[in-house]
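Engineer: this is a predicted model, with the sequence first.
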Amino acid sequence: MFEVVVPDLGADVEKAKISFWHYDEGDKVEKNDDVVELATDKATFNVPAPESGIIAELCVKEGDEVEVGEVIAFIDEEAEELELVEEDEEEDTNF
């Protein structure tokens, strides 16, 4: 399980707001895809997925305030592997 964490936003910025999630729980995401948009008084940031997988949990909602270093979501890489195995099994049975 990988954590999506609020990155260092620089210039003494300690907090941001969740503008919107690009994905919902259960969605497949690829490494480096933008997962969430954060907004501060000074700028807007997109936070990329640290690894490919399935969004297992969104820990905060749009509009919530978050702090640098806070875990805001979890990505389950094992769920993606399981999904790929199930897809292969379905293809094998469809002659």
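Structural biologist: Yes, it's here.

Engineer: please count neighbours and contacts with C-alpha atoms only from this point.
Structural biologist: Will do.

Engineer: residues touching Glu67, list them.
Structural biologist: The contact partners of Glu67, taken as C-alpha atoms under 8 Å, 6 or more residues apart in numbering, are Val6, Glu14, Lys15, Ala16.

Engineer: confidence score at the residue nearest to the spatial centre of the chain?
Structural biologist: Closest residue to the average C-alpha location of the chain: Val35 at 4.2 Å, with C-alpha atoms, centre = their mean. The model reports Val35 with a pLDDT of 97.

Engineer: and the helices in this structure, which stretches?
Structural biologist: Under the criterion DSSP state H, the chain contains helices at 77-93.

Engineer: count of neighbours near the closest residue to Asp34 other than its chain neighbours?
Structural biologist: Counting by C-alpha to C-alpha, 6 or more residues apart in numbering, Pro48 is the residue found nearest to Asp34 once chain neighbours are left out, at 4.2 Å. The number of residues packed near Pro48 is 18, by other C-alpha atoms under 10 Å.
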